[in-house]
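Asker: Starting from these lines, generate the structure:
(2 chains, ligands or ions: 4)
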Amino acid sequence: MIDVTINNITVSVPEGTTILEAAEKAQVHIPTLCHLNMPNVRYVNKCSSCRICMVEVEGRANLVPACATEVTQAMVVKTSTPRAMSARKIVLELLLSDHPADCLCCPKNTRCELQSLAYELGVREIAYKGEQSIYPPDVTSCSFIRDLNKCIMCRRCETVCNNVQTVGVYSAVDRGFDAVVNSAFGRPIIESPCTFCGQCVSVCPTAALTEVNHTRKVLEALNDPDKYVVVQTAPAIRVALGEEFGLDAGTIVTGKMVAALKQMGFDKVLDTDFAADLTVMEEAAEFIDRVKNGGRLPILTSCCPAWVKFFEHQFPDLLDIPSTCKSPHEMMGAIIKTYVAEKIGIPAEKIYVVSVMPCLAKKYEAARPELVNDEMDNVDAVITTRELAEMIRESGINFLELQDEEFDHPIGQSSGASVIFGTTGGVIEATLRTACEWLTGKPLNKIEFHELRGLSGIREAELEIAGMEFRIGIANGLGNTRTLLEKIRNGEVHYDAIEIMACPGGCINGGGQPAHHNNWGILEKRSRALYAEDQRKPLRKSHENPSIIQLYKEYLGEPNSEKAHALLHTYYQKRELV
Amino acid sequence: MTPNMTNEEKYALLEDFINQQENKSTSLIAILHYAQELFDYLPNDVQTFVAQKIGIPTARVYGVVSFYSFFTTKPRGKYKINICLGTACFVKGSDKIYNEFKKQLSVEDGEVTQDGLFSIHPVRCIGACGLAPVVMINEDVHGMLNAKEVAPIIKSYRDKEGM
Ligand code: SF4
Ligand code: SF4
Ligand code: SF4
Ligand code: FES
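Answerer: Numbering: from 1, shown residues only, chains lettered A, B, ... in the order given. Ligands and ions are numbered 1, 2, ... in the order given. Reported below is the predicted structural model:
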């Protein structure tokens, strides 16, 4: 152990600890900017490029960056000497001299780490007037916008995309003043193998990476008397939206969320959970069909569009193993514009479907040309949890005071199985609850599969169902997914079914969720809340959901029927790897 | 440059070279040097090829190529006219020579003349300040130049090529 004194507080820390980590232990705050540290998902960015964390060490002539300097025995550190404070301010002012100062209209206003730092360090004027880099923003994707003028070269996006997701879209390119984080050959993002998982957007401290905002589009639809606007909300929204209004992570705000959407004027407020139940029906049937008829195993879940795009680019030789199920919100859109339209007597052409998703990839997915029925898009607009919060604020709704309301019918019911779709392991657990009962013909004694739960990157379990052994795998985060798929491709491991989510932790950590402030604890709370919600539900299994039973009876026939295929399934295509 | 080889032959050589590397990703710079020797420059396709053969993202290869000034991503002429714009040459009027080359050949820096013969590359000091202003055309050094000599020099290379 090493003793180190920071601002007169002495702490003992193991060898290899940085000054920044020791300061945390001593409860001394050192401002940081490029630093990112979520080791359990390997979101660790230690490039030490920003130099905001400069501190003074006794006996050293120069200031040192706290995030990159390891402590030594009896080191004495001072973090708030006039010299350190002024150095930090100069570093920040230099960064700001090449930064467009349009905070008032910036999409990250009040949520930007650079802006907060300017506040924290008391910047009142930008003493340096430098040349400003001018890059045209990249607006080619449906998911996020890259505005490199706001890039501060912290390289968090590069770390996350390369090391965690292993997609490798970004690299630091060029040198000197022209240096910037960019894609290969500076090509627009749409021409890269980007999966649109949005994890780079989640960690970008500034507005260099922001979602494509669809709130205007949705407001216009709400204002259009000829449109019947139906909104659906994904499972992971209800455990995160509250954070935008100051509630603790994991607070379940389903009732308030529904009330807010009704006040905003949506004609129907539906729950994507219903479609998650529907996904379970279709996927469990597909799985059993492959098991019984010697189809190719493992079956891979397909409800995450970023994962879908990942395998289209990276594993085109495995295109036939994922389930052909559309993602739940696309299924929901297809059912709303057919079955629901008939039930409520509104022509499908008039219906405008808005999905509220934790996800940026769903924005891209909604624009995939094959996700249509009768030449109508299944989903017309996708907004994220953050955008929904923005619309609620803009509408002047006092969210915290809202009285709880219920989702609308006819497809308003959902099971606990569907709620856990929002966290890693949930989809496969939900599917197994149904598949097991179908295979054995008997009700499950134990419907919770604790062996499948947790947030670690790769998990597996062996289950015995109806006298057969099944090996189940779970991967979250695309790097973990790659590891697992390579093993399958090389024949090193065998699984029967695998659940895959592009975002580490699953949709609770989607690219459209409220900021996690580099705090893994927030994600754990969101995950726990989903399991709690499942437990609270009287219905726990998808195939027992009466709305689902009715839908098959009145409209679809059997799972995997021809009609079900036409509406609820899709196909994949090989994509270039540039 | 290896002008008598087809592109396919060049790619085959490059692939052999990559396969010989013990640690493919730490030899990236050596591989890119070799590729530039073969192709004379590093077009996007060659960078993508290198990335895929090594098994690293193309963006990383591009990052390295764009960082080091000795890699070039644009085709160059058979004769590369390196014009020194370092201090000593500049004081002696190398900018006039630079402009004269651009005028005579009607190209900007980094561009190649239509016949593929010449390209112009401003460079920093090449260490021949005694000969300022100095221009290197491939391996040939032309020192103490004035603008009037530019046209005859170009002509001498054209003559060599029978053009
Ligand atoms: S969205 Fe995901 S895949 Fe695309 S650049 Fe960002 S981190 Fe990489
Ligand atoms: S785009 Fe954002 S995350 Fe990436 S380097 Fe720039 S500021 Fe950092
Ligand atoms: S894990 Fe969820 S939030 Fe993340 S890309 Fe996939 S579907 Fe979207
Ligand atoms: S936070 Fe330490 S250098 Fe950026």
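
Asker: Need the pLDDT of B:Asp16.
Answerer: Note on B:Asp16: pLDDT of 93.

Asker: typed the wrong thing, it's A:Cys194
Answerer: pLDDT, A:Cys194: 97.

Asker: surely it meets A:Val169?
Answerer: Yes - with contact defined as CB atoms under 8 Å, A:Cys194 reaches A:Val169; the gap is 4.9 Å. (C-beta placed from N, C-alpha, C; glycine too.)

Asker: And ligand 1, is the helix or strand containing A:Trp307 touching that?
Answerer: Following DSSP states H and E, one finds A:Trp307 within helix A:305-314. No - counting by CB under 6 Å from any ligand atom, ligand 1 is not contacted by helix A:305-314; separation bottoms out at 6.7 Å.

Asker: Kindly provide the distance from the residue of chain A most remote from its centre to A:Thr10.
Answerer: Largest separation from the mean C-alpha position in chain A: A:Gly59, at 45.8 Å (CA atoms, centre = their mean). Taking CB to CB, to the nearest Å as the measure, A:Gly59 falls 17 Å from A:Thr10.

Asker: So for stretch A:487-501, mean pLDDT?
Answerer: Across stretch A:487-501, pLDDT averages out at 92.

Asker: That one spans what distance, first to last residue?
Answerer: 17 Å (CA to CA, to the nearest Å).

Asker: And the contacts of it?
Answerer: Contacts to stretch A:487-501, defined as CB atoms under 8 Å, 6 or more residues apart in numbering or on different chains, come from residues A:287, A:291, A:297-301, A:304, A:307, A:315, A:317-318, A:424-425, A:427-428, A:431-432, A:460, A:470-477, A:481, A:484, A:507.

Asker: what comes up buried for the helix or strand hosting A:Ala284?
Answerer: For A:Ala284, the host element (DSSP H and E) is helix A:272-292. Neighbour-count burial for helix A:272-292 flags A:272-288, A:290-291 (criterion: 16 or more other CB atoms under 10 Å in any protein chain shown).

Asker: Just say helix, strand or coil for the closest residue to A:Gly477 other than its chain neighbours.
Answerer: Nearest non-adjacent residue to A:Gly477, counting by CB to CB, 6 or more residues apart in numbering or on different chains: A:Pro504, 4.0 Å away. At A:Pro504 the chain is in coil, as set by DSSP: H, G, I helix; E, B strand; the rest coil.

Asker: can you map out the helices along chain B?
Answerer: Counting by DSSP state H, chain B has helices at residues B:7-20, B:28-39, B:44-54, B:58-67, B:87-91, B:94-105, B:150-160.

Asker: out of these, deepest packed?
Answerer: Each of the helices of chain B was scored by mean neighbour count; the highest is helix B:58-67, a mean of 23, by mean count of other CB atoms under 10 Å in any protein chain shown.

Asker: quick one: is that helix near chain A?
Answerer: Yes - using CB under 8 Å from any CB of the partner chain, helix B:58-67 comes into contact with chain A via B:58-63, B:66-67.

Asker: that older thread, tell me the secondary structure for the residue farthest from the centre of chain A?
Answerer: coil.

Asker: how does the chain divide into domains?
Answerer: Going with chain A. Domain assignment for chain A by automatic domain parsing gives A:2-95, A:133-212, A:215-568.

Asker: nope, chain B please
Answerer: According to automatic domain parsing, the domains of chain B span B:7-67, B:79-160.

Asker: Ends of the first one, what's the gap?
Answerer: Translated: domain B:7-67. Distance across domain B:7-67, first residue to last, is 26 Å (CA to CA).

Asker: go on, the longest one?
Answerer: By CA to CA, the extent of domain B:79-160 from end to end equals 11 Å.

Asker: next one: that domain to chain centre, how far?
Answerer: 13 Å (CA atoms, centre = their mean, to the nearest Å).

Asker: Kindly export the helix holding A:Ala284 (C-alpha atoms) in PDB.
Answerer: The C-alpha coordinates for helix A:272-292 follow below in PDB (Å, rounded to 0.1, in the frame of the first residue of the first chain):
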ATOM      1  CA  THR A 272     -44.500  -2.100 -26.700                       C
ATOM      2  CA  ASP A 273     -44.500  -4.800 -24.000                       C
ATOM      3  CA  PHE A 274     -47.500  -6.300 -25.900                       C
ATOM      4  CA  ALA A 275     -45.300  -6.700 -28.900                       C
ATOM      5  CA  ALA A 276     -42.600  -8.200 -26.700                       C
ATOM      6  CA  ASP A 277     -45.100 -10.900 -25.800                       C
ATOM      7  CA  LEU A 278     -45.800 -11.300 -29.400                       C
ATOM      8  CA  THR A 279     -42.100 -11.700 -30.200                       C
ATOM      9  CA  VAL A 280     -41.900 -14.400 -27.500                       C
ATOM     10  CA  MET A 281     -44.700 -16.300 -29.200                       C
ATOM     11  CA  GLU A 282     -43.100 -16.100 -32.600                       C
ATOM     12  CA  GLU A 283     -39.500 -16.700 -31.400                       C
ATOM     13  CA  ALA A 284     -40.400 -19.600 -29.100                       C
ATOM     14  CA  ALA A 285     -42.400 -21.200 -32.000                       C
ATOM     15  CA  GLU A 286     -39.400 -20.800 -34.300                       C
ATOM     16  CA  PHE A 287     -37.000 -22.200 -31.700                       C
ATOM     17  CA  ILE A 288     -39.200 -25.300 -31.100                       C
ATOM     18  CA  ASP A 289     -39.600 -25.800 -34.900                       C
ATOM     19  CA  ARG A 290     -35.800 -25.800 -35.300                       C
ATOM     20  CA  VAL A 291     -35.400 -28.200 -32.300                       C
ATOM     21  CA  LYS A 292     -38.000 -30.600 -33.600                       C
END
